[in-house]
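>>> Build the 3D model from these lines:
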Amino acid sequence: MNISPAMLPADWYLLGHFGVIGVLAWIIRTVSWRELVERAQAHHFLGACVALFALWHLHPPAIGGIELHLLGATAFTLMVGPQLAILGLGVVLGGLVATGQMDPAAYSLNALLLAVLPVCLSWGVLRTVERHLPRNIFVYIFASAFFSAALAMGLSGSSMLGLVATFADPAQSSFAVQMLPYCLFLAFAEATLTGMVITILVVYRPEWVGTFDDDRYLRRG
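So this is what the prediction gives:
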């Protein structure tokens, strides 16, 4: 889902620009660019960007200025880590702008709600699971992938609709409130898709999932 530039007061979009600048500065300072360039991870990163760009096109027509679609943010985070996941989702959003499906003025706010928020939440859930739950592949799939994806989609969608419900005009606010229950359906769909993708990857291509460690999840000791 994404938000159009006419739905909220201009101050929100300005705050979004400052927020994206801060996140970008953090990514530039902390991401391992050499590892991305020197390893095959670059191909996985670009391939995931293309796959997510296609996934974000699978949505019904926008209703009331709001589009509903799956994110793939949790799966991307588990594959490449939080910095590259945010960067990749930013590339996907840039593709939507380039193809005329998103107004440039709304890019930053959408990036914070659809990329930064779900990725950071997914990363936080992963770290919590690693710290407090047993070292087991099923825990990784169901907690770090399935549950995390549902939580990330639910929070991202409800945050966006909550902003519209609070600050948009009365007609759009009323529509946003009516759309809130659909976040539950999207959250379940996001969790199911993420769980399936991560399960397939850890079985057949575990090297593509950067946060999955055979020694931690498959070997005792």
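>>> and E67, bridged to which residues?
Beta-bridge pairing for E67 (DSSP bridges): N2.
>>> Please report how far the closest residue to P82 other than its chain neighbours lies from G72.
Take P82 and drop its neighbours on the chain: the residue closest to it by CB to CB, 6 or more residues apart in numbering is W123, 4.3 Å away. Bear in mind the C-beta positions are built from the backbone N, C-alpha and C, glycine included. For W123, the distance to G72 equals 15 Å [CB to CB, to the nearest Å].
>>> again with I141
On the measure of CB to CB, I141 and G72 end up 16 Å apart.
>>> And the helix or strand containing L161, what does it pack against?
Element membership for L161 (DSSP states H and E) is helix 148-167. Under the contact criterion of 3 or more CB pairs under 8 Å, 6 or more residues apart in numbering; DSSP states H and E, helix 148-167 touches strand 2-3, strand 66-67, helix 73-80, helix 117-132, helix 170-179, helix 182-204.
>>> nearest to D213, of these?
helix 117-132 (9.4 Å; CB to CB).
>>> So between I141 and G72, which is more surrounded?
G72 (26 against 20; other CB atoms under 10 Å).
>>> which residues touch the more buried one?
48, 51-52, 55, 190, 193-194 (CB atoms under 8 Å, 6 or more residues apart in numbering).
>>> and if you look at V139?
Counting by CB under 8 Å, 6+ apart, the residues that V139 touches are 129, 133, 217.
>>> In a markdown table: those residues, plus distance to G95 and pLDDT.
Shown next, in a markdown table, are the contacts of V139 (distance: CB to CB, whole Å; pLDDT from 0 to 100):
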| residue | distance to G95 | pLDDT |
| --- | --- | --- |
| V129 | 31 | 93 |
| L133 | 36 | 89 |
| Y217 | 34 | 77 |
